[in-house]
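Asker: structure of the sequence below:
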Amino acid sequence: AIGIFTQDIGFILEPGKAGIGSNIVTQVVNAAGNSGNREFHLGYDVTADTCFTWFKYKTNILGEDSDGIYFTLYADAEDFDQVSFAFGVDDPANYSLRGLTPFDQIQNRLDQYVYEHILSGNDTIGTIRTFATRAHYDSSLYHMVVKIFTDSTAYYWRFITTGSGKFDIWSGANKDFETATSDMIKSSQLPDSSQMPAIVRYKAPDNRKTLVSSWNCSPHVISVANYNNRNVWTDVYGNYQIRTDIPGEISGTSSSGPTRDGASAKPDLAATGNFIITSARLASLFGFWGPQDIALGGMHNVNGGTSMAAPVVTGLAALYLQKVKEEENRIATHTEIKYSLIHNTRQDSFTTFNVPNDRWGYGKVDGYKAISNPAVIGCTDPAAFNYDPGATVDNGECIPFIYGCTDDFALNYDSLANTDDGSCIYTTGISPNDPDGVVLSLAPNPTRTTAVMQYRIRGSYSEARILMSDITGAVRQEWILDRNAGYLNSGQHPAGIYFINIELDRQRFPAQKLVICQ
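Answerer: Next up is the predicted model:
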């Protein structure tokens, strides 16, 4: 098993035969992101009250254009069809409203660019460009991209809502995550109601749902948060470096969940990420040292973040895959790998034992427990015929109960049934518990020309025959048994009543009466 971690995503591979499909990706591990302390998410329940949020001009943003105001909106169609929205612009010098667009609904903007201009006299203060569509992977989901071009970097731009529903917005954040101190959505230093009465209806952003990349939204992907494992080290110059981070606590920058739809707990678990000591970056070879470089020679350094935590889980998932391959000669599924990891985590006072939650997931990864307590594969549906109470991961092979006669010695044996319903029918004198005996059926009965004989025999014997006798006891016809069905040509016998017996090693079993009509 091989674990490869690159660009914040880990792939666990099971080497196979050469050629196409030689490597099977059985698990994907994703760094949750380092935006847990950044307020670039906005989401709330829309009511008839007209609420608004300010967006600020930013440079070097993460968006389709390098500068300006940029954000994306997602909402389930049923949650946004009754929402009306507009855009406005305020001058923060005196919080005066400089302009406002008409209210509109997203249905009027689907699959087209819509440009709206806010003017001051004959001068354009700004242009709002929107493009809305239904998501290509889910037609019940709206996606709207908003870009505002403004002639002043000082203005605050409103996104205004009214109606009924809810939505989520993520703003374009600075590309320089290390030095940026604020995001595009204004969350602090707001005016009070005496300065601006409308501020009572202001909706502030939050740092929830800050997972990075759509990969993290998949229930099949393991999303990894980052917690502190050390806060001191000695740098390459011999200086003692100390941070205020508390070992054992979740990193303040570790991104939090949940996913937009709240369908699964995210992140899934947390691993040590602040701070990780590893081999040095290439720059250290040229003497570009800093406080993060450690040990004599500067060939090792310290780094932190979910990009450091996720490879821990990637390696562990590869070990789990290898263990299953060596001990059970099979390839573990992503479902059981994830189950074993998240259900064998550690909880402590930092995780608060209230797991899963939006910061820790199911808790702190515990490699020894995960490898020592692998998932048990089986049918987990209590209503299934083959329910396994010890199984922890469903194998997708649950079998429903099928009721019928399950005794193949009975006349009405049902080969498809797996649960006996007590309906078995036996020939006279034969009990379902008899260790030895026979079952014989004749159809049609009465008959004119031909009757089909079907029989089953329980027990061992050296000689088996079927005898046809008339009412005087005289044997009229005899068959040696070598198959489970035979045909009686009743046309060669005169009309009357006959008795058909199975005889095993000269022992006759109770007869079946056969009526031959003219």
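
Asker: quick one, what contacts His343?
Answerer: Going by CB atoms under 8 Å, 6 or more residues apart in numbering, His343 touches Tyr362, Ala375, Thr392. The way it works is simple: take the backbone N, C-alpha and C, and place the C-beta from them, glycine included.

Asker: again, only this time at 7 Å
Answerer: Tyr362 (CB atoms under 7 Å, 6 or more residues apart in numbering).

Asker: again with Ala265
Answerer: Taking CB under 7 Å, 6+ apart as the criterion, Ala265 is in contact with Gly257, Pro356, Gly361, Tyr362.

Asker: how many neighbours does the residue lying closest to Asp420 once chain neighbours are set aside have?
Answerer: In this structure, Asp420 finds its nearest non-sequential neighbour in Thr406, 4.3 Å apart by CB to CB, 6 or more residues apart in numbering. Counted with other CB atoms under 10 Å, the neighbours of Thr406 add up to 18.

Asker: got the confidence number for Thr406?
Answerer: The model reports Thr406 with a pLDDT of 89.

Asker: surely it touches Ser415?
Answerer: No. Using CB atoms under 7 Å as the test, Thr406 is too far from Ser415 to be in contact (9.0 Å).

Asker: okay, and the closest residue to Asn226 other than its chain neighbours sits in which element?
Answerer: Here the nearest residue to Asn226 in space, its sequence neighbours aside, is Gly273; by CB to CB, 6+ apart that works out to 3.2 Å. Assigned by DSSP states H and E, Gly273 belongs to strand 269-274.

Asker: what is the subsequent helix or strand relative to that strand?
Answerer: Heading C-terminal from strand 269-274, the first helix or strand you meet, by DSSP H and E, is strand 276-279.

Asker: what count of nearby residues applies to Thr47?
Answerer: There are 14 residues near Thr47, going by other CB under 10 Å.

Asker: same check, this time on Thr314
Answerer: Neighbour count for Thr314, taken as other CB under 10 Å: 27.

Asker: now swap in the one 3 residues further on and tell me
Answerer: When neighbours are defined as other CB under 10 Å, Ala317 has 27 of them.

Asker: give the other helices and strands that the strand or helix carrying it contacts.
Answerer: Taking DSSP H and E as the criterion, Ala317 maps to helix 306-328. Judged by 3 or more CB pairs under 7 Å, 6 or more residues apart in numbering; DSSP states H and E, the packing partners of helix 306-328 are strand 2-6, strand 9-15, strand 23-31, strand 221-228, strand 269-274, helix 334-342, helix 367-372.

Asker: quick one: mean pLDDT over it.
Answerer: For helix 306-328, the per-residue pLDDT averages 91.

Asker: can you show me the CA trace of it as CSV?
Answerer: Taking Å, rounded to 0.1, in the frame of the first residue of the first chain, the C-alpha atoms of helix 306-328 are listed here in CSV:
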residue,chain,number,x,y,z
THR,A,306,-3.7,21.2,8.0
SER,A,307,-1.2,20.5,5.2
MET,A,308,1.0,19.0,7.9
ALA,A,309,-1.8,17.1,9.6
ALA,A,310,-3.4,15.5,6.6
PRO,A,311,-0.2,13.5,5.6
VAL,A,312,-0.3,11.8,9.1
VAL,A,313,-3.7,10.4,8.2
THR,A,314,-2.7,9.5,4.6
GLY,A,315,0.1,7.4,6.0
LEU,A,316,-2.2,5.7,8.5
ALA,A,317,-4.8,4.9,5.9
ALA,A,318,-2.0,3.3,3.8
LEU,A,319,-1.0,1.2,6.8
TYR,A,320,-4.6,0.1,7.3
LEU,A,321,-4.9,-0.9,3.6
GLN,A,322,-1.6,-2.9,3.9
LYS,A,323,-2.7,-4.7,7.0
VAL,A,324,-6.0,-5.8,5.5
LYS,A,325,-4.2,-6.9,2.3
GLU,A,326,-1.6,-9.0,4.2
GLU,A,327,-3.9,-10.5,6.8
GLU,A,328,-7.2,-11.0,4.9
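
Asker: between that helix and strand 221-228, how many degrees?
Answerer: On the basis of axes from the mean of the first three to the mean of the last three CA atoms, to 10 degrees, helix 306-328 is oriented at 120 degrees to strand 221-228.

Asker: residues of helix 306-328 that come out buried?
Answerer: By neighbour count with 16 or more other CB atoms under 10 Å, helix 306-328 contains the buried residues 306-324.

Asker: ok, back up a step: what is the neighbour count of the residue nearest to Asn226?
Answerer: 29.

Asker: and for Tyr155?
Answerer: Using other CB under 10 Å, Tyr155 has 24 other residues around it.

Asker: please apply the same query to Pro102.
Answerer: Pro102: 8 surrounding residues under other CB under 10 Å.

Asker: tell me who's in contact with it.
Answerer: Going by CB under 7 Å, 6+ apart, Pro102 touches Ala86.

Asker: go with 10 Å
Answerer: Ser84, Ala86, Phe87, Glu116 (CB atoms under 10 Å, 6 or more residues apart in numbering).

Asker: so what does the strand or helix carrying the last one touch, helix or strand wise?
Answerer: Assessed by DSSP H and E, Glu116 sits inside strand 112-120. Using 3 or more CB pairs under 10 Å, 6 or more residues apart in numbering; DSSP states H and E as the contact test, the elements touching strand 112-120 are strand 83-91, strand 96-100, strand 123-134, strand 141-150.

Asker: hang on, Thr59 packs against Tyr70?
Answerer: No. The criterion here is CB atoms under 10 Å, and Thr59 misses it with Tyr70 at 11.5 Å.

Asker: these two: who's more crowded?
Answerer: Under the criterion of other CB under 10 Å, the comparison of Thr59 against Tyr70 puts Tyr70 first, with 22 against 11.

Asker: for that one, list each beta-bridge partner.
Answerer: Beta bridges link Tyr70 to Lys147, judged by DSSP bridges.

Asker: where's it relative to Phe149, distance?
Answerer: The gap separating Tyr70 from Phe149 is 10 Å, by CB to CB, to the nearest Å.

Asker: what's the answer for Gly163, then?
Answerer: Counting by CB to CB, the gap from Gly163 to Phe149 is 27 Å.

Asker: now swap in Ser441 and tell me
Answerer: With CB to CB as the criterion, Ser441 and Phe149 are 88 Å apart.

Asker: next one: Arg98
Answerer: Distance from Arg98 to Phe149, counting by CB to CB: 15 Å.

Asker: over to Ile457?
Answerer: For Ile457, the distance to Phe149 equals 90 Å [CB to CB].

Asker: and what of Phe167?
Answerer: In terms of CB to CB, Phe167 sits 23 Å off from Phe149.

Asker: neighbour count: the two, which is higher?
Answerer: Legend: neighbour count by other CB under 10 Å for Phe167 and Phe149, higher for Phe167 (23 against 15).
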